[in-house]
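1. generate coordinates for the sequence data below:
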Amino acid sequence: MSISTRQASIKELANIVEATIQGDPETYISGIATLQLAGQNDLSFFSNRKYHKFLLNTKAAIVILHPDDLENCPTNAILSDDPYLAYARIAAWLTKSNTEQNEIASTAVIEDNVVIGKNTSIGANVVIGSGCQIGDNVTLHAGCVIADDVKIADNTIMYSNVSIYSNVSIGQHCIIHSGAVIGSDGFGIANEKGRWFKVPQLGRVIVGDNVEIGANTTIDRGAIEDTIIENGVKLDNLIQIAHNVHIGENTAIAGCVGIAGSSTIGKSCAIGGGAGILGHLSIADHVHITATSLVTKSITEAGVYSSGTPLQENGQWHKNFVRFKQLDKMARRLSELEKKK
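-> This next block holds a predicted model:
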């Protein structure tokens, strides 16, 4: 299947990423498709050698690829040292809408003292509370609820049914997907003779510029200090970020990660899906945590960190688990043998 785009020549596309061309400079495309499904009017890309066989037989008009793979390309090519990044930039340009919107739905509910910028679109049944400031070129899709005293900076998009609690600040050029909840109470409770007493959550959530927040991700407000998401952070779907967490700029976090309260994640980190990070920990810059890992202590140096047991055939896993339970006994026996030497 091909995704329709604006029409563009290979020269235009190469100029976007300052890349070189191999082939006919007047070749035009009007769609995007995978290597195996692309047709004569489509752009595609090759960045993973698992798909080498599809490159050899592609019908695409243009393929973005590394110069080392040019000899295997049967069609016109845009040559880039990072084909995937080049594709991302080109695809964003090809699919960017040029239509300006400046509509406020009749069913939107907006308090009188709200400031709304230029060329802003507000969809059906959106609710905007008192004291809010909405920047220029902001799009709020149907059903979004923005509580009192929220600030949303220019060029931010919120898809349907996003909920923003009071006193939250959202930066410029952010994308927030459906069902996300930002600024809800953190899990603060105190025990009084076996019963739980709610601790007021008085802080805010501060989201920087160029942040993307996935569907149904939740970010809790701080207990006293703020929860902070710095510039360039990318959050996948279904992530839980607890109160007082601080995530450094340009960190990417995959789906179903849980980060407990008052932990600090450094800059340019990558956290794999399903990982868990306990509270009150600190993770250094440039740390990569692989999927489903459990972080139980602070990480002070950059690097790749893992925990857990990868998938195995069930019978083999049971054997290994039995041996795992015997490790302490084996260690004691080994220690006794060493003493006898």
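2. could you use CA atoms for every contact and neighbour count after this?
-> Noted.
3. in terms of contact, does Cys269 touch Thr290 like I think?
-> No. Cys269 lies out of contact with Thr290 (CA atoms under 8 Å); the separation is 11.0 Å.
4. who has more neighbours, those two?
-> Cys269 (24 against 19; other CA atoms under 10 Å).
5. what's the spacing between that one and His288?
-> 6 Å (CA to CA, to the nearest Å).
6. check which helix or strand Asn85 maps to.
-> Just to correct that, residue 85 is Leu rather than Asn. Using DSSP states H and E, Leu85 maps to helix 83-95.
7. can you give me the strands for the stretch 1-150 of the chain?
-> 3-9, 20-22, 28-32, 42-45, 62-65, 76-79, 109-110, 115-116, 121-122, 127-128, 133-134, 139-140, 145-146 (DSSP state E, counting those that start in this stretch).
8. what pairs with the third one, parallel or antiparallel?
-> Under the criterion DSSP bridges, strand 28-32 sits next to strand 3-9 (antiparallel), strand 42-45 (parallel) in its sheet.
9. with just CA atoms, put the first one into CSV.
-> Output in CSV follows, covering the C-alpha atoms of strand 3-9 (Å, rounded to 0.1, in the frame of the first residue of the first chain):
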residue,chain,number,x,y,z
ILE,A,3,0.7,6.6,1.3
SER,A,4,-0.2,9.6,-0.9
THR,A,5,2.0,12.7,-0.5
ARG,A,6,2.6,15.9,-2.3
GLN,A,7,4.4,15.5,-5.6
ALA,A,8,8.2,16.2,-5.5
SER,A,9,11.3,15.6,-7.6
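10. would you map the helices across this protein?
-> Along the chain, counting by DSSP state H, helices occupy 10-16, 52-56, 83-95, 314-325, 327-340.
11. and the third one, what does it pack onto?
-> Pointing back at helix 83-95 there. Where contact means 3 or more CA pairs under 8 Å, 6 or more residues apart in numbering; DSSP states H and E, helix 83-95 is packed against strand 3-9, helix 10-16, strand 42-45, strand 62-65.
12. the inter-axis angle of that helix versus strand 3-9?
-> Helix 83-95 and strand 3-9 are oriented at 90 degrees to each other (axes from the mean of the first three to the mean of the last three CA atoms, to 10 degrees).
13. distance from the chain centre to helix 83-95, please.
-> Distance of helix 83-95 from the chain centroid (CA atoms, centre = their mean, to the nearest Å) equals 17 Å.
14. how about the first one?
-> Centroid separation for helix 10-16 versus its chain: 27 Å, with CA atoms, centre = their mean.
15. just the mean pLDDT for it, thanks.
-> Taken as a whole, helix 10-16 has a mean pLDDT of 96.
16. ok, now the second one?
-> This predicted structure assigns helix 52-56 an average pLDDT of 96.
17. report the buried residues of that helix.
-> Residues of helix 52-56 classed as buried: 54-55 (neighbour count, 16 or more other CA atoms under 10 Å).
18. and if you look at the first one?
-> Along helix 10-16, the positions that meet the burial threshold by neighbour count (16+ other CA under 10 Å) are 10-11, 13-14.
19. rewinding a little: now the weakest link among the helices of the chain, please, by mean pLDDT.
-> Least confidently modelled of the helices of the chain is helix 327-340, at a mean of 87 by mean pLDDT.
20. and that helix, what other elements does it pack with?
-> Applying 3+ CA pairs under 8 Å, 6+ apart, we find helix 327-340 packed against no helix or strand.
21. and the angle for that helix with helix 314-325?
-> Computed by the same axes, to 10 degrees, the angle separating helix 327-340 from helix 314-325 equals 50 degrees.
22. what about the protein, any weak spots by pLDDT?
-> 98-101 (pLDDT under 70).
23. tell me which of the strands of the stretch 1-150 of the chain is the most buried.
-> Compared across those, strand 62-65 shows the largest average neighbour count, a mean of 29 (mean count of other CA atoms under 10 Å).
24. that one pairs with which strands, and in what direction?
-> Sheet pairing of strand 62-65 (DSSP bridges) gives strand 42-45 (parallel), strand 76-79 (parallel).
25. can the strands paired with strand 28-32 go into CSV with extra columns for distance to Lys96?
-> Formatted as CSV, the strands paired with strand 28-32 follow (distance: least, CA to CA, whole Å):
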stretch, distance to Lys96
strand 3-9, 9
strand 42-45, 16
